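# when you get a sec, could you give me coordinates for this:
(one chain, ligands or ions: 2)
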Amino acid sequence: TKWKVYVTRPVPQPAIDMLAEHCEVEVNPEDRVLSHEELIEKVKGRDGIFCLLTDIIDAEVLDAAKGAKVFANMAVGFNNIDVQAATERGILITNTPGVLTEATADMAWALLFAVARRIVEADKYMRAGKYKAWGPLLFLGQEITGKTLGVIGAGRIGTAFARKAKGFNMRVLYNDVEPNPQFEAETGGVFVDKDTLLREADFVSLHVPLLPSTYHLIGERELKLMKKTAILINTSRGPVVDEKALVQALKEGEIWGAGLDVFENEPEMAPGLAELDNVVVCPHIASATWDTRIAMATMAARNLLAALRGELPPQCVNPEAYYKRQEAK
Ligand code: GLV
Ligand code: GLV
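Ligands and ions are numbered 1, 2, ... in the order given. Below you'll find the predicted structure:
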């Protein structure tokens, strides 16, 4: 009998095709997030689940999926999954690192440019028929070339983001839990403490995973340390920024602007955020290119199939669960 696999939402077809070669695949036909109750019903009796960052995989869901070997998350971040609970149950969790690095770094740049050069405001102005003549003071923004870039989180994405700064002749400062020689070799970046980075950077971009230690990494105190002309970019996870404090800082001119692809309470925005002209907001689309989404989906499918075959999947975040299963045999 074929393995039974559930896919929580339509995903790029090449991944479904890969799974269908070896498994009985059911895909949620509706392009929406399943409720917790629906998820609990749907995972029952499956050998593997292909899930998304919008699926909250907690102990209840894991218990409902009794017998499942794997939850393959189509995302690099896996803060939506209770990994410890999965490990305790011998369920493998996989993610999709690497394949979305450049797309996400590109998006951070897109947001930086959009905010610094007021692209969205200017576009709205054109469409509203307000453009009467070239103006010496029309839509003045922030110069990017030659400025100081502050990168918080020197992993794959932070490194790719900083590497792209070379073309703009920038000084790169970075901060992380520890210095990263690879980051320095690729970007020429200099390790500084977080407060120094916030005080000196013209642009601060966040590339950390969401962890208890990165929750509200940027709050009122940090925003006050930043330059009044600074721009904050967040393509990581919403709760890394205290969004209420950010709205306040943007309103009061503590910082100059922000570009956000993620929100503290997705899909909601903090009250007041949508009314501000100095922010550019996007619906969590940093990895949303055809190439990248296909690569993410097929990577998740490969991880899922490997787990079903009894192998340690290439991108497993809790290999302990695998060894636990081996011992139990
Ligand atoms: C997207 O946010 C991801 O974690 O892949
Ligand atoms: C995630 O892919 C990171 O290491 O930045």
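# distance of the residue nearest the centre of the chain from residue 88?
Central residue of the chain (C-alpha atoms, centre = their mean): residue 236, 4.0 Å from the mean position. In this view, residue 236 and residue 88 are 27 Å apart by C-beta to C-beta, to the nearest Å. Heads up, the C-betas are built off the backbone N, CA and C, glycines and all.
# up against ligand 1, what does the chain have?
By C-beta under 6 Å from any ligand atom, the residues of the chain that approach ligand 1 are 53, 75, 76, 77, 100, 287.
# if any of the residues you listed are buried, put those into a PyMOL selection.
Selection of buried members from those for PyMOL, criterion 16 or more other C-beta atoms under 10 Å:
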select buried, resi 53+75+76+77+100+287
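# ok, and of the residues of the chain next to ligand 1, which contact ligand 2?
Within these, those near ligand 2 by C-beta under 6 Å from any ligand atom are residue 76.
# and the residues of the chain next to ligand 1, which is closest to residue 120?
Nearest to residue 120, judged by C-beta to C-beta, of the residues of the chain next to ligand 1 is residue 287 at 20.7 Å.
# where does the closest one sit, in terms of helix or strand?
Using DSSP states H and E, residue 287 maps to neither a helix nor a strand.
# also the one 10 residues further on?
Secondary structure assigned from DSSP H and E places residue 297 in helix 290-308.
# mind listing what's buried along that helix?
By neighbour count on 16+ other C-beta under 10 Å, the buried set for helix 290-308 is 292-308.
# and if you look at stretch 79-95?
By neighbour count on 16+ other C-beta under 10 Å, the buried set for stretch 79-95 is 80-83, 85-87, 89-95.
# from those, which land in strands?
Judged by DSSP state E, the subset of the buried residues of stretch 79-95 located in strands is 92, 93, 94.
# in JSON lines, list these along with distance to residue 130 and pLDDT.
Below are these laid out as JSON lines (distance: C-beta to C-beta, whole Å; pLDDT from 0 to 100):
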{"residue": "92", "distance to residue 130": "56", "pLDDT": "98"}
{"residue": "93", "distance to residue 130": "51", "pLDDT": "98"}
{"residue": "94", "distance to residue 130": "50", "pLDDT": "98"}
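# tell me the contacts of residue 306?
The contact partners of residue 306, taken as C-beta atoms under 8 Å, 6 or more residues apart in numbering, are 312, 313, 314.
# I figured the first one hits residue 322, correct?
The one in question is residue 312. Yes. Counting by C-beta atoms under 8 Å, residue 322 is a contact partner of residue 312 at 4.8 Å.
# just to revisit the earlier point, out of the residues of the chain next to ligand 1, who's nearest residue 267?
Proximity to residue 267 was ranked across the residues of the chain next to ligand 1 by C-beta to C-beta; first place goes to residue 53, at 12.4 Å.
# next, that closest one: secondary structure please.
Put simply, residue 53 is coil when judged by DSSP: H, G, I helix; E, B strand; the rest coil.
# please give me every residue in contact with it.
Counting by C-beta under 8 Å, 6+ apart, residue 53 touches 73, 74, 75, 77, 78, 79, 80.
# could I get those as CSV with secondary structure and pLDDT?
Shown next, in CSV, are the contacts of residue 53 (DSSP: H, G, I helix; E, B strand; the rest coil; pLDDT from 0 to 100):
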residue, secondary structure, pLDDT
73, strand, 98
74, coil, 98
75, coil, 98
77, coil, 97
78, coil, 97
79, coil, 97
80, coil, 98
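# which pair in the residues you listed spans the largest distance?
The largest separation in these, counting by C-beta to C-beta, is between 74 and 79 at 14.2 Å.
# who are the contact partners of the closest residue to ligand 2 within the stretch 151-300 of the chain?
Nearest residue of the stretch 151-300 of the chain to ligand 2 (C-beta to the nearest ligand atom) works out as residue 155 at 2.6 Å. Taking C-beta under 8 Å, 6+ apart, we find residue 155 in contact with 176, 180, 207, 208, 209.
# what score does it have for pLDDT?
The model reports residue 155 with a pLDDT of 98.
# ramachandran angles for it?
Reported as degrees, to the nearest 10, the phi and psi values for residue 155 are phi -80, psi -160.
# residues in contact with the residue of the stretch 151-300 of the chain at minimum distance from ligand 1?
With C-beta to the nearest ligand atom as the measure, residue 287 is the residue of the stretch 151-300 of the chain nearest to ligand 1, at 5.3 Å. Going by C-beta under 8 Å, 6+ apart, residue 287 touches 75, 100, 103, 104, 107, 293, 296.
# can you check residue 62 too?
Applying C-beta under 8 Å, 6+ apart, we find residue 62 in contact with 71, 82, 85, 86, 89, 91.
# surely the last one touches residue 67?
Which is residue 91. No. The criterion here is C-beta under 8 Å, and residue 91 misses it with residue 67 at 9.7 Å.
# picking up where we left off before, from residue 322, how far off is the residue nearest to the centre of the chain?
28 Å.
# what does residue 220 give?
43 Å.
# those two - which one has more neighbours?
Set residue 220 next to residue 322 and count neighbours by other C-beta atoms under 10 Å: residue 322 wins out with 20 against 15.
# okay, and the more buried one sits in which element?
Using DSSP H and E, residue 322 sits in helix 319-328.
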